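> need coordinates for the below:
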Amino acid sequence: MTKVDEQFIQAVLNIVDIIPVGRVATYGQIARIVGRPRNARLVGKILGKAGGRGHHPCHRVVTVTGRLVPGWVDQRPMLLAENVPFKDENHVDIKKCHWRGI
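Model (predicted):
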């Protein structure tokens, strides 16, 4: 990875680390905060590999519609444990728990 890539990765993880308990952010929101608004998918890829970089609350990141990560069976229980409200099995109630960011 180039130095720029590492800086972007670290910027994404730094933002994820400050999402408060009980709130969620979106991939696009994080991309905008770090100054790369067209890189929401890249944010998703970074978070998908974040396990090797220590503990980050990646479970607090969802799509703009509040959809959970398909196949990540632990995400819903983790969010429920933080009292995040849900609209249905696969979507948080983004209107009630969206973190407005910095």
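
> list the contacts for the spatially most central residue of the chain?
Taking CA atoms, centre = their mean, the centroid of the chain lies closest to Val61, which sits 2.1 Å from it. Contact analysis of Val61 by CB atoms under 8 Å, 6 or more residues apart in numbering lists 16, 19, 24-27, 30, 43-44, 47. The way it works is simple: take the backbone N, C-alpha and C, and place the C-beta from them, glycine included.

> OK, contacts around the residue nearest to Asp74 when sequence neighbours are not counted?
Using CB to CB, 6 or more residues apart in numbering and skipping the chain neighbours, the partner closest in space to Asp74 is His59 (7.2 Å). Going by CB under 8 Å, 6+ apart, His59 touches 72, 74-75, 78-79.

> return the subset of the contacts of Val61 lying in strands.
Of these, the ones assigned to strands by DSSP state E are 25-26.

> of the contacts of Val61, which is the most crowded?
With neighbours taken as other CB atoms under 10 Å, the top of the contacts of Val61 is Val43, carrying 27 neighbours.

> check the spacing between that one and Pro85 real quick.
Using CB to CB, to the nearest Å, Val43 is found at 23 Å from Pro85.
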